[in-house]
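Colleague: I'll drop the sequence and a predicted model, then ask my questions.
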Amino acid sequence: MLTCSVDLRTDGSGPWEWRGEEEGWGRGGDRIRPLDHLALQARAVTDGTRTLLAVREKAAGRPSLLLSLSPVRVDAAVYGRVLKECQDWPLQSIWIEAGPRGLRLQTGLGGVCPLYLAYDGGRLAGSWQLMDLRAHLGLDRLEEKEVMRLLTGFPRYGHDTLFTTVKRLSELSTVYADAEGLRMVYPAAAEHAQPSNLAEGTDERALVEAFEALTDYVFSKRPVVPGQTAAQLSGGMDSTNLAISLALVYPGAITPCAMLIGGQAGPQQEARRRSVIEQTGFAADCTVRAADHPALSPGGLRRARAEAISPLDEPHLEAGDALAQALRARGIHTVVAGFGGDEVARVRRPEGGPVRIPTAPAWCGERVRDLLGEVNTGISPATVAPETALVALEVATPLLARRVRAARSRGCTGFRRPG
């Protein structure tokens with residue numbers, strides 16, 4: 001949700017100030033720029049010694065002590081209450097405390113939009129796009145365990161990325177950055193209840209009503225503009241349930257959207273989507289066919305902007321970007337999607353993580369096989385949301401957010417991907 005470039009070798013040259021949307025907050029040559037989007041808010045406050053800069057999702061009906069983009073001067077007691085408000089924010093948020101001895105960065109629940117950080121010689125650079133930090137990347141800086149996880153299809157969630165020189169601010173983590181270096185601290189492991197049997201007498205209707213109450217609660221947290229909101233309707237259970245719930249609240253106003261996968265499963269996907277759309281009040285459908293936008297197709301992002309494509313990007317990047325552009329053309333700025341339903345339904349282990357060591361595919365070499373036993377080491381403690389859902393969100397969000405910037409720079413509407 002932000003980019004930053006801060007020299008930590010000095011205490012800055014004057015106070016932080018708001019310099020407009022193009023630059024964000026600045027202090028001398030330092031800058032911290034929020035992602036400009038209608039679903040986000042950027043706020044700041046200072047007690048004269050510390051300056052708190054927050055970027056977060058807007059929360060419907062949530063009172064706030066933070067009201068200004070420019071850092072407003074408050075006393076220590078009010079500053080403490082503002083910091084507590086950031087820690088208790090119910091949606092995704094990132095807040096930075098800038099003081100005379102460096103920066104402290106923290107993030108709340110969700111991890112919808114990633115923040116990658118690179119520290120080099122007393123300078124901190126950060127971005128929601130990994131490839132914005134490409135000056136810090138290189139084949140000689142690969143993190144072997146992460147490469148093993150990528151090649152074997154067992155991604156894990158935590159501070160490490162594919163490169164030793166770049167770290168991820170994972171959910172609920174804290175980063176301390178100063179002239180001496182970068183220190184990252186994980187939160188305590190989330191507590192997870194073990195699966196239990198349904199109470200005697202619970203029927204299907206009661207389960208559906210409970211699910212609908214839960215989705216209504218989730219949607220009520222965020223301000224929704226129905227005519228500018230789409231629901232991912234891929235045909236899978238997670239996204240379909242959420243799309244139907246949203247369409248029932250805003251009949252005829254929510255745009256269903258999907259990437260049509262084609263192949264043998266294509267007719268089944270299209271039949272399921274058609275059935276849902278015909279029986280539920282949606283706006284006009286918005287789809288792209290993956291076969292029309294294959295990998296490395298002319299005009300696709302991998303060919304047009306090869307230097308900006310991350311190894312963590314969506315495999316169907318070209319088709320995903322085509323769908324993003326089609327939604328943007330309709331004035332859509334928010335996409336509601338379902339992730340993690342399969343994982344929630346599985347039996348949880350208290351410590352989290354996969355229950356087995358992966359098997360190396362045929363294309364992997366000896367070094368990958370040597371590292372298989374480390375697939376579960378150095379990762380985040382058990383997260384509130386399934387870690388696979390957090391990984392999926394951090395892959396999907398930058399793809400959509402790229403079109404936010406393009407649309408906003410042309411005076412159009414951007415869009416986000418909520419969790």
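Modeller: On my side now, so go ahead.
Colleague: contacts for stretch 275-283?
Modeller: Applying C-beta atoms under 8 Å, 6 or more residues apart in numbering, the contact partners of stretch 275-283 are 227, 231, 233, 240, 243-244, 247-248, 251-256, 285. Any C-beta I mention is one placed from the backbone N, CA and C, and that applies to glycine too.
Colleague: Kindly recompute the last result at 6 Å.
Modeller: Outside stretch 275-283, the residues that touch it by C-beta atoms under 6 Å, 6 or more residues apart in numbering are 240, 244, 247, 251, 252, 253, 254, 255, 256.
Colleague: Doesn't the fourth one belong to a helix?
Modeller: No: remark: residue 251 does not belong to a helix; assigned using DSSP: H, G, I helix; E, B strand; the rest coil, it is coil.
Colleague: Distance-wise, check it relative to residue 283.
Modeller: Using C-beta to C-beta, to the nearest Å, residue 251 is found at 10 Å from residue 283.
Colleague: More neighbours: which of those two?
Modeller: Comparing residue 251 with residue 283 by other C-beta atoms under 10 Å, the one with more neighbours is residue 283, at 21 against 12.
Colleague: Confirm that the more buried one sits in a strand.
Modeller: No: Residue 283 is assigned coil when assessed by three-state DSSP, not a strand.
Colleague: Would you map out the domains in this protein?
Modeller: Domain ranges of the chain: 2-185, 204-342+386-409, per automatic domain parsing.
Colleague: where along the stretch 151-300 of the chain do the helices fall?
Modeller: 204-220, 237-249, 266-279 (DSSP state H, counting those that start in this stretch).
Colleague: Can you check which of the domains of the chain gets nearest to residue 379?
Modeller: domain 2-185 (4.1 Å; C-beta to C-beta).
Colleague: pLDDT weak spots in the stretch 151-300 of the chain?
Modeller: For the stretch 151-300 of the chain, applying pLDDT under 70 flags the ranges 192-198.
Colleague: rewinding a little: please list only the buried members of the contacts of stretch 275-283.
Modeller: Burial by neighbour count, 16 or more other C-beta atoms under 10 Å: within the contacts of stretch 275-283 this picks out 240, 244, 247, 253, 254, 255, 256.
Colleague: between those, which is nearest residue 83?
Modeller: Within those, the smallest distance to residue 83 is 36.5 Å, found for residue 254 (C-beta to C-beta).
Colleague: Could I get the contacting residues of the closest residue to that closest one other than its chain neighbours?
Modeller: In this structure, residue 254 finds its nearest non-sequential neighbour in residue 247, 4.8 Å apart by C-beta to C-beta, 6 or more residues apart in numbering. Applying C-beta under 6 Å, 6+ apart, we find residue 247 in contact with 254, 280, 281, 282.
Colleague: May I see those organised as CSV, with distance to residue 82 added?
Modeller: Listed next are these as CSV, based on distance: C-beta to C-beta, whole Å:
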residue, distance to residue 82
254, 35
280, 42
281, 42
282, 41
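Colleague: for those, which one is nearest residue 131?
Modeller: residue 254 (32.5 Å).
Colleague: wait, the closest one sits on residue 232?
Modeller: No: if you go by C-beta atoms under 6 Å, residue 254 and residue 232 don't touch, sitting 10.8 Å apart.
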